[in-house]
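A.B. asks: Sequence plus predicted model, see below.
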Amino acid sequence: MELENLLRNRRTIRAIGFDDAPFMRSANHPVGVAGIICADTRFEGMVWGEIQPDGWDATEKLSQLLIGGKFLPHLHVVLLDGISLGGFNIVDLPLLAARLERPCIAVMRKQPNLPAMTYAMQRLPHPEKRLEIIGRAGPVYEHPPFYFQVCGAQPETTAQVLQHLTDCGHVPEALRLAHLIASAFVKGESGRQA
């Protein structure tokens, strides 16, 4: 209900956007994750953490980056660049929403190709468990230009919030900045596509 009120009253919506840094699967090093906090589309802060590539710790690590920190009390919504980070380290969206007590939204640029994902996961341990976690996030909603899964908010409200948090293009600003900063942290400069 809070998001609807913020939209209706044209209030500032504070979001954190999480994206992973580029990584090489063969290296088996931890993968960096940038969390960028924006008030509407204005940068306000950042957290940085690491997860295991194709591991099982994404939900826990994202929770740790926020719980007990200075940003969580001011956040209204949590954005993820897709449902998985560091390859197939799948985020348990309902669990993350429950732990943070905030709506959590996995934002995608297009409708995910589940057969391709299923095929790719077969080379990893416990592919069925990974698919089960993806399933727990619920259906993928289509509100062009956004595709998303959401826990803790209504799809129509979520689409309005994503529009509100997007400055230009098809990506909320917190996610766009998270992508650029995570890329720059690893490569020394930000990538072209955000």
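C.D. replies: Yep, that arrived. Residues are numbered from 1 along each chain as shown.
A.B. asks: Give me the distance between the nearest residue to Ser63 once chain neighbours are set aside and Asn9.
C.D. replies: Nearest non-adjacent residue to Ser63, counting by C-beta to C-beta, 6 or more residues apart in numbering: Arg99, 4.7 Å away. Quick note: C-beta positions are derived from backbone N, CA and C, even for glycine. Going from Arg99 to Asn9 by C-beta to C-beta, to the nearest Å gives 28 Å.
A.B. asks: farthest residue from the center of this structure?
C.D. replies: Largest separation from the mean C-alpha position in the chain: Asn9, at 25.7 Å (C-alpha atoms, centre = their mean).
A.B. asks: Show residues contacting stretch 118-132.
C.D. replies: If you take C-beta atoms under 8 Å, 6 or more residues apart in numbering as the criterion, stretch 118-132 is touched by Asp54, Phe88, Ile90.
A.B. asks: how deep is the second one tucked in, by neighbour count?
C.D. replies: Burial of Phe88 is recorded as 22 neighbouring residues (other C-beta atoms under 10 Å).
A.B. asks: now do the last one
C.D. replies: With neighbours defined by other C-beta under 10 Å, the count for Ile90 comes to 27.
A.B. asks: Rounded mean pLDDT for the helix or strand containing Leu162, please.
C.D. replies: If you go by DSSP states H and E, Leu162 is part of helix 155-164. Helix 155-164 carries an average pLDDT of 97.
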